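K.L.:
Okay, structure incoming, though there's no sequence with it:
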């Protein structure tokens with residue numbers, strides 16, 4: 001099974017006043033068959049962690065390591081990370097005018113697998129993935145994220161997850177902007193992926209409501225660019241009841 005290991009990761013961004021450190025020594029291991037939830041207040045570095053793993057050029061890794069099954073992720077280009085088995089569902093999916101969903105999905109699948117999927121089975125797979133996310137087959141003819149509602153954008157991300165079938169899925173605030181019905185549909189899709197047994201999930205969220213439907217094995221509280229505390233689902237229940245005040249007072253552990 002796949003294993004994503006993050007060790008003493010430090011990441012900065014360039015500002016008008018020089019480099020600003022965002023991640024200050026993150027240690028995290030996500031193995032196949034595990035679902036991890038990262039929770040924390042705004043500005044704590046949760047999304048920075050997701051985008052740094054994916055290879056966004058805005059984020060500069062100054063020290064530390066990220067490996068997937070022992071391979072150096074930080075030495076890979078963005079497309080190489082995807083082919084290695086990493087997947088990022090973005091908090092704010094971007095519009096791609098002029099590119100239909102069906103063309104986008106087939107192009108992505110071809111790039112990941114190194115060969116084009118067989119058309120007959122691929123159409124069936126796409127239609128099933130769309131149906132599972134309560135989306136009509138005609139959705140494939142629309143341009144990627146153009147004019148999509150917030151719920152449609154997030155469901156489309158999970159369609160990609162199901163079809164591309166990565167080793168490790170990083171979901172950056174997939175619950176944001178979702179009403180309760182869309183939240184349940186998206187959560188069911190994530191659970192379907194996780195239940196394959198050899199997949200790892202890193203779920204980043206502000207709120208515990210998605211954890212009513214996706215049950216993490218581990219919960220990590222993120223404060224000031226570090227993991228301040230780790231635990232099981234009970235830690236999320238504490239956050240629901242008391243918020244982040246205790247962790248903001250004590251700060252992240254060294």
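P.N.:
Yes, it's here. Note that the structure is a prediction, hence the values are computed from the model and not measured.

K.L.:
Let me see the contact set for residue 105.
P.N.:
Residue 105 sits next to 126, 140, 159, 160, 163 when contact means CB atoms under 8 Å, 6 or more residues apart in numbering. Using the backbone N, CA and C atoms, a C-beta is placed for each residue, glycine as well.

K.L.:
Correct me if wrong, but the second one is in a helix.
P.N.:
Yes: Residue 140 sits within a helix when classified using DSSP: H, G, I helix; E, B strand; the rest coil.

K.L.:
Next, find the distance separating it from residue 130.
P.N.:
7 Å (CB to CB, to the nearest Å).

K.L.:
quick one, which of those two is more surrounded?
P.N.:
residue 130 (23 against 20; other CB atoms under 10 Å).

K.L.:
Three-state assignment for that one, please.
P.N.:
helix.

K.L.:
what sits opposite residue 37 in the beta ladder?
P.N.:
residue 203, residue 219 (DSSP bridges).

K.L.:
Do I have it right that it meets residue 206?
P.N.:
No: taking contacts as CB atoms under 8 Å, residue 37 lies outside contact range of residue 206: 10.9 Å.

K.L.:
ok, the two, which is more surrounded?
P.N.:
In this view residue 37 and residue 206 are compared by other CB under 10 Å, and residue 37 has more residues nearby, 25 against 17.

K.L.:
Please name the residues that touch that one.
P.N.:
Contacts of residue 37 were listed using CB under 8 Å, 6+ apart, and they are 203, 204, 205, 211, 214, 216, 218, 219, 220, 236.

K.L.:
pLDDT at it, what is it?
P.N.:
Looking at residue 37, its pLDDT stands at 97.

K.L.:
Near residue 28, how many other residues are there?
P.N.:
20.

K.L.:
For my notes, confirm it occurs in a strand.
P.N.:
Yes: the assignment for residue 28 (three-state DSSP) places it in a strand.

K.L.:
which one is it nearest to, not counting chain neighbours?
P.N.:
residue 6 (4.4 Å; CB to CB, 6 or more residues apart in numbering).

K.L.:
if we can go back for a sec, in helices, which of the contacts of residue 105 appear?
P.N.:
126, 159, 160, 163 (DSSP state H).

K.L.:
Using the three-state scheme, assign residue 22.
P.N.:
Per three-state DSSP, the secondary structure class of residue 22 is strand.

K.L.:
quick one: contacts for it?
P.N.:
11, 12, 13, 45, 48, 59, 225.
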